[in-house]
Every structure is written in structure tokens, then in C-alpha cells.
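Novice: Next come a sequence and a model predicted from it.
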Amino acid sequence: MSDEFIYPEGINSDSLKKLFEEAYMEVSVDTDGDLIVKDNYRCYLRPDQDGRLISIYAIFSGNPASAEVDKLAYINRVNDQVKLIRASVSTNGKFFFDYYLSVEGGISKRAIVLAVRRFFSCLGSALREDTGNVVA
């Protein structure tokens, strides 16, 4: 992967798709224009309109049999133990994990790919914290 820099004005779904293809990662674009990158898990990438931030996120269904208090305890545990990603649970019971990558001032293409790989690693750590089986 290249150490070539990319700047906010060069960040969009097409340029990111090409970047992940060059890194030999499975990538596609959904109907909303978000990138879908698959490894052990699936995550989505959405660059801001101005390209200064890239949102990296993953969504998982919740176990409908789990109590709300157990879901919240899990989220608190993830946010306490897994420092680099943020976890939340929505009112409809879905779990949301996210991370924001700053591109302001430029970033190497390699750093973007490594950030996504690190997100996958953190996501695995977060899911291992699910000792109560609240994530479906």
C-alpha cells in the first residue's frame, strides 16, 4: 500500500473504493453511496461532503430476548474496555460501532487502510465483550 498522501478534496466514495481495491480488500458501494468493506466483519465508510472526516461504522442487530439494561451494560463495557471505537444501542435495539478518521491536512493512503483494519480489530474486541449474548 502506498504512502502517497491524499487530501480532503480527493476523498470521495470512488477514490476510497479504488484505494481498498488496490489493498486487495473486498469493497462495494451501496445505494446510499457508502462504501462497504468486508473482512471478518462488514463496515461502512462515509466521507463527509468536504472530505475532512471519514466515518467508519458497523451495525449489528440486537438479541430481541435481551433486556435493555443488559444491552446498556454491554455498551458501557465496550466503551470502557475498547478505547478506539464508540458503541451505542439505538431505540430499535441495533448496535452501532463507529470511529472517525481525520483527513484534514492530508493522510497517507496506507493510514486509511490501516485505520479500517484497526477498526475491524477493535470491532472483534467489542464483540468478544458480549458475554451476555445481547448482539444477534
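Specialist: Cool, got the structure. Numbering: from 1, shown residues only.
Novice: Who are the contact partners of residue 135?
Specialist: Contacts for residue 135 (C-beta atoms under 8 Å, 6 or more residues apart in numbering) come out as 60, 61, 62, 63, 74, 95, 127. Where you see a C-beta, it was placed from the backbone N, CA and C, and this is true even at glycine.
Novice: mind redoing it with 6 Å?
Specialist: 60, 95 (C-beta atoms under 6 Å, 6 or more residues apart in numbering).
Novice: mind starting the numbering at 105 from now?
Specialist: Okay, using 105 as the starting number, the last item reads as residue 239.
Novice: in the sheet, who's paired with it?
Specialist: Taking DSSP bridges, one finds residue 166 as the beta-bridge partners of residue 239.
Novice: gap between it and residue 139?
Specialist: 23 Å (C-beta to C-beta, to the nearest Å).
Novice: Residue 203 too?
Specialist: Taken as C-beta to C-beta, the span from residue 203 to residue 139 is 14 Å.
Novice: So the two - more neighbours on which side?
Specialist: residue 139 (23 against 19; other C-beta atoms under 10 Å).
Novice: Correct me if wrong: the more buried one contacts residue 120.
Specialist: Yes. Contact status for residue 139 versus residue 120: in contact at 5.4 Å, counting by C-beta atoms under 6 Å.
Novice: what do those two both touch?
Specialist: residue 149.
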